[in-house]
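Visitor: This is a predicted model, with the sequence first.
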Number of protein chains: 2
Amino acid sequence: MNIGEIARRSGVSRSTVSYALSGKRAVSEATRQRIQAVIDELGYRPNAAARALKEGRTRTLGLVVPPTRRRLTFMQLEFVASVMEAADRADLDLLLSPSRDDHDRSFERIVGGRRVDGLILMEIRLDDPRVTRLQGLRLPFVTIGRTARPQGTCWIDVDYATLIDRCVNHLADLGHRHIALINRSAELIASGYGPAHRAREGFADAVARRGVEGVEFCCADDAAAGETCVQEILRAHPEVTAITTINEAALPGIQRALEDAGLNIPARFSVAGVAARYWAEQFHPQLTAADVPAVDMGATAVDFLVERVTDPDAPPRQHLFVPPISLRNSTGPAPAPR
Amino acid sequence: MNIGEIARRSGVSRSTVSYALSGKRAVSEATRQRIQAVIDELGYRPNAAARALKEGRTRTLGLVVPPTRRRLTFMQLEFVASVMEAADRADLDLLLSPSRDDHDRSFERIVGGRRVDGLILMEIRLDDPRVTRLQGLRLPFVTIGRTARPQGTCWIDVDYATLIDRCVNHLADLGHRHIALINRSAELIASGYGPAHRAREGFADAVARRGVEGVEFCCADDAAAGETCVQEILRAHPEVTAITTINEAALPGIQRALEDAGLNIPARFSVAGVAARYWAEQFHPQLTAADVPAVDMGATAVDFLVERVTDPDAPPRQHLFVPPISLRNSTGPAPAPR
DNA sequence: TTGTAGGCGTTATCAT
DNA sequence: ATGATAACGCCTACAA
């Protein structure tokens, strides 16, 4: 079914059908209704490819997600879902692209083929080839996370440095003197993953400022790694009484290792982190954590992107989310030294 | 950058460029190389909209996911990720559509606008309006789950009836005489959600065949509901010593409620279910469960769909996954009656 | 108030 | 081995 057929059956020209639909030119009420009746009967909708070709825009947004060989974290998944819903609300379609860098096939297809009006890039690195590529093409984009030099780009991010800082302060306030940071994987850090770097910096600063001892451990994004990591911490640093972490996926393992070591939370050991709310509440006991507002972030990312698509010359917007720490039941006063 | 510009700079016609790229007509090696050099220099890729318009296909697949007001389960998320990767391997783009029925805006846009060559529909109901709609349009699709009359359609599904049957048998073999099924939510069942109905049937059959007592409970898809549900079971049916479930999202709550009731797993209480492997392993102790092969399912769905797109007249393929039950640590002999 | 016609970038048919 | 040209379906400037 195409616009010509609708025109024929309504006894008008194709342009009249087009204008009746778009409202960009006056169409007599009688004609409009006649056309509408035909459209309703045949269930016509404009062909998206033809329209995209003519208009030079696709009404489609792209969401670039990290390939899932390494599983997505819960907050990443929540973010994807919320982007999907936000795009839907804006009547935009969403194209998913599993790409880590600018030569990945999916990225090539979407960007090179002009498949989208704009892109949201997840898990951005401090120095990310996709960003420079998109800048060169003048294709609007929003990054989740900042590059090392984020001034001229449009981004949203979570202020991991401040959040870990707050966790350390909270733990120090409770009397903990030996605190471990469970960061994300060594590979991720080596690849220049911002949150991990900024968590490290926030931790180092806070620890220094509060005059407590801090040790940092890298940990892969899964429960088993979390378990091993905690065992390692307990072995190498038995004086540690509190853990802070941005490694959400490791949480179940952290919990299990502490349990198996007979360290009750929060009586004998405290844990405070950064996690999706849902995940924090799965922890047992529920985790005192900065709840990453994944749903807000998705909506904001889409907002920003739509603005850049609509008005490419406006200054790029940026937003740093600093969610408050929700006090739950996983932190308590440091245990008396044995 | 378009094909005309490449043609001009290579000193050939547009058709030659097109043929050099597609290989559908012989092009002299010299010309081919000259064209390729220009393409490499300018980074040309064919415009997807123009190509889709001309070819009548979009090289894009659609994945219809349930809107996330109710959060996606882990196995659904794994499935989405695996579809994404499988589509990427097939050099197809993936459009995500959050739609529950055939009038949802996103579904309308994608289907009406001919945005995709085929669709994968998640969380299909026994009587699903989207299916009839797509059949009428002759748009290829694969459903995850079967409708009530699945003969002529292409689908993949998990055999929940058999899996729950096996769980019940396993528990009965261990001496359990009073077994509860924690199903999914009452609303989902009311809406005609197949897995919940088939789990119910499988449970009723197995319980009858083994001559044990079975009680069924509905439970929303979250940990809190799981916790409440177990408390309710323990209160109303204190004789129950084992639970079987397809409600993955309720697992953390099930675990917590049993723990809080002082019922050690598996010494005092057994649990066997159907879940994503990752999730089964998060359970404590690790859950004896049929591991839903979400990754295989995603790949299979894409395979089937590509086949239907390529060859619409071939008989629609179907596959019922019956993953084996992985024995882990959450089931044991029924406790001696008190 | 409505119709005609051109062009968006491709692919493919027909001609050379 | 290559070129000219039509057509995919839509939108919109121009004409009436």
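Guide: Received, thanks.
Visitor: For the helix-or-strand element of chain A with minimal mean pLDDT, name the packing helices and strands.
Guide: Ranked by mean pLDDT, DSSP states H and E, the weakest helix or strand in chain A is helix A:277-282, scoring a mean of 84. Where contact means 3 or more Cβ pairs under 8 Å, 6 or more residues apart in numbering or on different chains; DSSP states H and E, helix A:277-282 is packed against helix A:74-89, helix A:251-260, strand A:288-291. For every residue, glycine as well, the C-beta is placed using N, CA and C.
Visitor: And the helix or strand just after the second one, what does it pack against?
Guide: Looking back up the chat, that one is helix A:251-260. The helix or strand immediately downstream of helix A:251-260 is strand A:270-275, counting by DSSP states H and E. Using 3+ Cβ pairs under 8 Å, 6+ apart, the elements in contact with strand A:270-275 are helix A:160-173, strand A:242-245, helix A:251-260, strand A:288-291.
Visitor: Compare the ones you listed and say which comes out lowest on pLDDT.
Guide: Ranked by mean pLDDT, the helices and strands packed on strand A:270-275 end with helix A:251-260 at the bottom, a mean of 91.
Visitor: List the buried residues in it.
Guide: Neighbour counts using 16 or more other Cβ atoms under 10 Å in any protein chain shown place A:251-258 of helix A:251-260 among the buried residues.
Visitor: out of the residues you listed, which one sits closest to A:Ala289?
Guide: Ranked by distance to A:Ala289 (Cβ to Cβ), these are led by A:Leu251 at 9.2 Å.
Visitor: tell me the contacts of that closest one?
Guide: Residues near A:Leu251 by Cβ atoms under 8 Å, 6 or more residues apart in numbering or on different chains: A:223, A:226, A:245, A:273, A:275, A:279, A:282-283, A:287.
Visitor: hang on, A:Ala314 in a strand?
Guide: No: counting by DSSP: H, G, I helix; E, B strand; the rest coil, A:Ala314 falls outside a strand, being coil.
Visitor: Around it, how many other residues sit close by?
Guide: By the measure other Cβ atoms under 10 Å in any protein chain shown, the count of residues near A:Ala314 is 10.
Visitor: wait, isn't it in contact with A:Glu307?
Guide: Yes: applying Cβ atoms under 8 Å as the test, A:Ala314 and A:Glu307 come out as touching, 6.5 Å apart.
Visitor: just to revisit the earlier point, make a ChimeraX selection of the buried ones in the contacts of A:Leu251.
Guide: Buried members of these can be picked out in ChimeraX with the line below, counting by 16+ other Cβ under 10 Å:
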select /A:223,226,245,273,275,279,282,283,287
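Visitor: Could you dump the contacts of A:Leu251 into CSV with distance to DNA strand C added?
Guide: Shown next, in CSV, are the contacts of A:Leu251 (distance: Cβ to the nearest atom of the strand, whole Å):
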residue, distance to DNA strand C
A:Ala223, 47
A:Gly226, 49
A:Thr245, 48
A:Gly273, 49
A:Ala275, 45
A:Trp279, 45
A:Gln282, 49
A:Phe283, 52
A:Leu287, 51
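Visitor: Okay, now the unreliable bits of the stretch 201-338 of chain A?
Guide: In the predicted model, the stretch 201-338 of chain A carries pLDDT under 70 at residues A:338.
Visitor: Please repeat the previous calculation with a cut-off of 80.
Guide: Counting by pLDDT under 80, the stretch 201-338 of chain A shows low-confidence ranges at A:282, A:284, A:337-338.
Visitor: Any regions of the stretch 1-150 of chain A where pLDDT drops low?
Guide: For the stretch 1-150 of chain A, the ranges with pLDDT under 80 are A:68-73.
Visitor: can you give me the helices for it?
Guide: Using DSSP state H, counting those that start in this stretch, the helices found in the stretch 1-150 of chain A span residues A:3-10, A:14-22, A:29-42, A:48-55, A:74-89, A:105-112, A:129-137.
Visitor: what's the angle between the second one and helix A:29-42?
Guide: Which is helix A:14-22. 90 degrees (axes from the mean of the first three to the mean of the last three Cα atoms, to 10 degrees).
Visitor: cool, and the fifth one?
Guide: Using the same axes, to 10 degrees, the inter-axis angle of helix A:74-89 relative to helix A:29-42 is 140 degrees.
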